[in-house]
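Colleague: I'd like to go over a predicted model; first the sequence, then the structure.
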Amino acid sequence: MANDITFSISTTRFDEDYAPAEGSRVTTNFANLARGEGRQQNLRTALTMIDRRFNELASADDEGGDRYRVELDIVSVQLRFADGADEDLPVIEVLDVHIVDTVTGERHQGIVGNNFSSYLRDYDFSVVLPAAQAAAGGFTVPDDFGDLHGKLFQHFLASEAYRERYALPPVICISVSTSRTYRRTGVVHPVLGVEYAQDTTSSLTDEYFGKMGLQARYFMPRGSVAPLAFYFRGDLLADYTDLQLIGTISTMETFQKIYRPEIYNARTAAGETYRPSLEAADFEPTEVTYDRVERSQLAVVQGRYAEEHFVTPHRAILDQWAADYSLAAR
């Protein structure tokens with residue numbers, strides 16, 4: 001069963017000269033930054049923001065504020081069925097972080113994951129979920145929602161393709177939910193900062209990542225104005241070095257300032273109790289152009305693409321694989 005689905009990985013450097021490849025997911029947030037007349041300035045500004053934030057958080061080792069440079073690779077994951085079909089299907093894209101110490105010349109491996117985009121997740125949230133709610137006449141979530149995606153993701157992490165490249169499990173870092181309230185727990189980590197916890201049950205996003213084998217914690221790093229949601233395996237506080245955590249924070253906080261400035265570029269920092277809102281008016285927009293409306297619309301387009309090219313033509317194989325995967329896990 002394990003050999004019925006295999007994976008391959010390709011990488012593309014994300015720098016000021018980056019242009020999305022023909023097969024790249026156009027809903028990927030970093031691809032959104034690389035389109036239009038101002039694409040190169042967009043990218044240059046974002047990368048400068050990442051480096052500046054990294055050096056702020058690593059200031060104990062960086063008196064001049066410019067010791068470290070962050071390099072990013074887009075990791076594209078392709079899936080292949082072992083049924084004789086000579087076809088690699090794009091399924092996932094994440095970011096891999098590399099940290100360059102310009103003083104010593106050392107290169108440090110950061111954390112893979114960070115940003116997370118998936119054709120099948122677009123299908124689940126933009127096709128399956130709306131169809132289920134339309135049929136029910138109100139909000140509902142299918143019992144098996146996210147099951148296939150979760151199994152495929154965990155199969156990928158166990159694959160030779162992943163293990164031969166990455167020694168540690170991924171960390172996904174995204175915005176906190178605007179439908180939840182967060183309260184400080186009293187825990188303060190020297191790098192991750194002040195911890196928050198949700199005061200209600202887990203969100204649909206939490207449950208979806210849970211099926212991928214990832215749990216959530218929420219931290220607001222020093223100098224930040226809102227907590228970030230970290231999804232991870234193992235022990236987030238012990239499994240990664242300070243530089244690795246700083247690499248993820250600086251990268252994903254920068255992207256969130258661009259994507260959701262109402263939350264992450266607010267003029268007032270989150271207090272003991274915090275409810276994020278995209279309706280907030282007291283924030284500072286960045287100089288980077290990002291089209292949230294286009295991103296939302298394209299999610300539906302690519303969800304339909306996944307349905308047409310991945311789910312529908314391979315449904316029988318996927319259903320059998322998922323059933324076998326469940327039995328093997330018992």
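Modeller: Good, I have the coordinates.
Colleague: out of everything not next to it in sequence, what's closest to residue 274?
Modeller: residue 182 (4.7 Å; Cβ to Cβ, 6 or more residues apart in numbering). (Each C-beta comes from the backbone N, C-alpha and C, glycine too.)
Colleague: Run through the residues that contact residue 217.
Modeller: Listed by Cβ atoms under 8 Å, 6 or more residues apart in numbering, the contact partners of residue 217 are 195, 229-230, 232, 236.
Colleague: Recalculate using a threshold of 6 Å.
Modeller: Counting by Cβ atoms under 6 Å, 6 or more residues apart in numbering, residue 217 touches 230, 236.
Colleague: which residues does residue 284 contact?
Modeller: Contacts for residue 284 (Cβ under 6 Å, 6+ apart) come out as residue 265.
Colleague: make it 8 Å
Modeller: Residue 284 neighbours (Cβ under 8 Å, 6+ apart): 261, 265-267.
Colleague: Out of these, flag the one nearest to residue 208.
Modeller: Of all those, residue 208 sits closest to residue 261, with 25.1 Å by Cβ to Cβ.
Colleague: Distance check, that closest one against residue 280.
Modeller: Using Cβ to Cβ, to the nearest Å, residue 261 is found at 9 Å from residue 280.
Colleague: hang on, the earlier thing: make JSON lines out of the contacts of residue 284 and add pLDDT.
Modeller: Converted to JSON lines, the contacts of residue 284 look like this (pLDDT from 0 to 100):
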{"residue": "261", "pLDDT": "93"}
{"residue": "265", "pLDDT": "96"}
{"residue": "266", "pLDDT": "96"}
{"residue": "267", "pLDDT": "96"}
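Colleague: From these, pick the one nearest residue 109.
Modeller: Proximity to residue 109 was ranked across these by Cβ to Cβ; first place goes to residue 265, at 29.2 Å.
Colleague: Wait, that closest one touches residue 225, no?
Modeller: Yes: with contact defined as Cβ atoms under 8 Å, residue 265 counts as touching residue 225 (7.3 Å).
Colleague: quick one: which of residue 261 and residue 280 has more around it?
Modeller: Comparing residue 261 with residue 280 by other Cβ atoms under 10 Å, the one with more neighbours is residue 261, at 18 against 15.
Colleague: I appreciate the help and will end here.
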